[in-house]
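K.L.:
kindly generate the corresponding structure for this input.
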Amino acid sequence: MPKPRKALVSLEATPYYHCVSRCVRRAFLCGQDSQSGQSYEHRRQWIRDRMLQLASVFAVDVCAYAIMSNHYHVVLHIDRAQAEGWQDAEVVRRWRELFTAHPLAQRFSAGEPLSKAEARLIEALVALWRARLMDISWFMRCLNEAIARQANSEEGCTGRFWEGRFKSQALLDEKALAACLAYVDLNPIRAAMAETPEDSDYTSIQQRVRHAVSGETDGSSQSTELMPFVGNPRQDMPKGLPFRLGDYLELVDWSGRAMREGKRGAIPPNTPPILERLSIDPAYWLHMTQRFESRFKGLVGTAYKLRAACAVLGYQRAPGLAPCRELLT
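P.N.:
Coordinates of the predicted model:
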């Protein structure tokens, strides 16, 4: 039985989440619909623009994304420290970028004097809006609702556009995070929509490669729209993904080439060193990056991390423990 979203998301367990939204009845979100001949390719840009615009408003970072024909993937990072550090005026400003706020918020933003009762109401509203601005459910709601309205308006119809609510998986540790990032970035290659990661349109890997190539001579330039790679874990670790950008790009390129060989169990000898650091068997790695969604449940990580997260969430048993123990432990 599906669990409610509040039973799947816990910032005490992890700030990283993999989210997937699919179109209803397998309708085409983007690309060329072979049944009607209609092209919806331009909608990919809608989703990308809206996703990155929301990331600039929410205390949420986009780590990876892939926009496919009838669904999209996104890996999100919730930055609680950022949200809790905002001044009340900043919370109101950000909320008003997305919604028509309470009339009292306009007076608060204008610096008008408020009564004690009005000040208490603003305090309660700010607390509510602050919580929502670091909530992946509200992030996905703002993304999906806007795209559904645009698509229905374009087609001159009404009704449901997305197949229920989005699916989410909590990524509990570095192994799960790395596997999920690569799984998302390699989606177009598995679907035979691209030959190489850098040719995968509307993916985070393409965006990262283009910035690395066009940046500094050492290739260290990173897109400011995506959560940066900040290197291996260490003391005084800055905010960012706990891998080196070069290592990750090499890993995705290696994984994509291995998949296209079409030989089960054939592992190239030049295994990227990042797999050694994460202690992941190359054969298991390729299996995960092809079947991440189907093999893992809502919580993904080593057996130890999975049990710890279940204790925080109040689960009586650990769902999906067997594949996590087999592939990640």
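K.L.:
now do the helices in the stretch 151-300 of the chain.
P.N.:
Secondary structure of the stretch 151-300 of the chain by DSSP state H, counting those that start in this stretch: the helices cover 174-185, 187-190, 204-214, 245-260, 273-278, 282-295.
K.L.:
now the angle from the longest one to helix 204-214?
P.N.:
For helix 245-260 and helix 204-214, the angle between their directions (axes from the mean of the first three to the mean of the last three Cα atoms, to 10 degrees) works out to 130 degrees.
K.L.:
for helix 245-260, name the packing helices and strands.
P.N.:
helix 174-185, helix 187-190, helix 204-214, helix 273-278, helix 282-295 (3 or more Cβ pairs under 8 Å, 6 or more residues apart in numbering; DSSP states H and E). Every residue, glycine included, has its C-beta placed from N, CA and C.
K.L.:
swap in 6 Å and give it another go.
P.N.:
Here helix 245-260 touches helix 174-185, going by 3 or more Cβ pairs under 6 Å, 6 or more residues apart in numbering; DSSP states H and E.
K.L.:
what do you get for the shortest one?
P.N.:
Packing contacts for helix 187-190, counted by 3+ Cβ pairs under 6 Å, 6+ apart, involve no helix or strand.
K.L.:
quick check: buried residues in that helix?
P.N.:
Buried residues in helix 187-190, counted by 16 or more other Cβ atoms under 10 Å: 187, 188, 189.
K.L.:
other residues contacting it?
P.N.:
66, 194, 200, 256 (Cβ atoms under 6 Å, 6 or more residues apart in numbering).
K.L.:
how confident was the prediction at the second one?
P.N.:
Listed pLDDT for residue 194 reads 83.
K.L.:
what residues are up against it?
P.N.:
188, 200.
K.L.:
for it, what are phi and psi?
P.N.:
Torsion angles at residue 194 (phi, psi; degrees, to the nearest 10) stand at phi -150, psi 160.
K.L.:
that one and residue 247: what is the separation?
P.N.:
22 Å (Cβ to Cβ, to the nearest Å).
K.L.:
ditto for residue 103
P.N.:
52 Å.
K.L.:
of those two, which one has the most company?
P.N.:
residue 247 (18 against 8; other Cβ atoms under 10 Å).
K.L.:
from memory that one sits against residue 274, does it?
P.N.:
Yes - between residue 247 and residue 274 there is a contact at 4.3 Å, judged by Cβ atoms under 6 Å.
K.L.:
does the residue nearest the centre of the chain lie in a helix or a strand, and which?
P.N.:
Centroid check for the chain by Cα atoms, centre = their mean gives residue 75 as the closest residue, at 1.6 Å. Assessed by DSSP states H and E, residue 75 sits inside strand 71-78.
K.L.:
show me what that strand is packed against.
P.N.:
strand 16-22, strand 60-67, helix 174-185.
K.L.:
how about the ones you listed in CSV, adding distance to residue 296, mean pLDDT and mean neighbour count?
P.N.:
Output for the helices and strands packed on strand 71-78, formatted as CSV (distance: least, Cβ to Cβ, whole Å; pLDDT from 0 to 100; neighbours: other Cβ atoms under 10 Å):
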stretch, distance to residue 296, mean pLDDT, mean neighbour count
strand 16-22, 9, 95, 22
strand 60-67, 16, 97, 25
helix 174-185, 8, 95, 25
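K.L.:
which among the ones you listed is found nearest to residue 81?
P.N.:
Of all the helices and strands packed on strand 71-78, strand 60-67 sits nearest to residue 81, with 11.9 Å by Cβ to Cβ.
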